[in-house]
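K.L.:
using only what follows, build the 3D model:
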Amino acid sequence: MLFGIASFDELRGVDKLTTLLSLISSLWLIYVCFKIPSPKTITLKFICAIAISDLFYSIANALSGLQKRDTYLLIKIEATLRQSSFLLGVFFATCIATITYKSTISDRKFKQNWFYNSTIIIAPIFCVGITVAL
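P.N.:
Numbering: from 1, shown residues only. Take a look at the predicted model:
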C-alpha cells in the first residue's frame, strides 16, 4: 500500500522534519536580512517579508500537529494563520516580480519606496480580511 495505515506515522515524521527545516531556514533568512548593512534594496525587503510569511506558515503547520479533535479554536487559528501567510507569500512574490519588471524599463514615475510602504500596510489587511471573510 502506497499510503496505507502503516505509512501514516512515517508521513507524520516527514511532515515534522520539513516543518522544522522550514522554521530554521525562515529564521536564518530573516536574521541574514537584518544583518546586511544599509542600504537595503527594496527586493531584499520583500524577500524578508516572504521569509516572515513563511515563518508564520511553518508555525501554522506545527500547530496542526498539536491539535486534538475537539480543539475547534486551535483549528480556526491554524487555518487562519495558514491561509493568511500563504496569501501574503504569493502577494509579496508578486511584488518582487513587479519591482523586477519596473527596474527593466525606464519609468521615472514609479516610486519604489512608496510602493513598498503601501504594500506592507495593505497586504496584511487584505490577506487577513480575505481569510476571515471566507
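K.L.:
give the buried residues for the helix or strand bottoming out on mean pLDDT in the chain.
P.N.:
Counting by mean pLDDT, DSSP states H and E, the weakest-scoring helix or strand in the chain turns out to be helix 112-133, with a mean of 78. Judged by neighbour count using 16 or more other C-beta atoms under 10 Å, the buried positions of helix 112-133 are Phe115, Tyr116, Thr119, Ala123, Pro124, Cys127, Val128, Thr131. All C-beta atoms are positioned from the backbone trio N, CA, C, and that covers glycine.
K.L.:
ok, residues contacting it?
P.N.:
Helix 112-133 is contacted from outside by 42, 45-46, 49, 80, 83-84, 87-88, 91-92, 95, 98-99, 102, using C-beta atoms under 8 Å, 6 or more residues apart in numbering.
K.L.:
for those residues, which one is nearest Asp9?
P.N.:
Taking C-beta to C-beta as the measure, Gln83 is the one of the contacts of helix 112-133 closest to Asp9, at 27.2 Å.
K.L.:
the closest residue to Glu78 other than its chain neighbours: helix or strand, and which one exactly?
P.N.:
Excluding its sequence neighbours, the residue lying closest to Glu78 (C-beta to C-beta, 6 or more residues apart in numbering) is Leu63, at 4.2 Å. According to DSSP states H and E, Leu63 maps onto helix 42-66.
K.L.:
how far is that helix from where the chain is centred?
P.N.:
When distances are taken as C-alpha atoms, centre = their mean, to the nearest Å, helix 42-66 is centred 4 Å away from the chain's centroid.
K.L.:
just after it, pick out the following helix or strand.
P.N.:
helix 72-104.
K.L.:
tell me which strands and helices that next one is in contact with?
P.N.:
Contacts defined by 3 or more C-beta pairs under 8 Å, 6 or more residues apart in numbering; DSSP states H and E place helix 72-104 against helix 42-66, helix 112-133.
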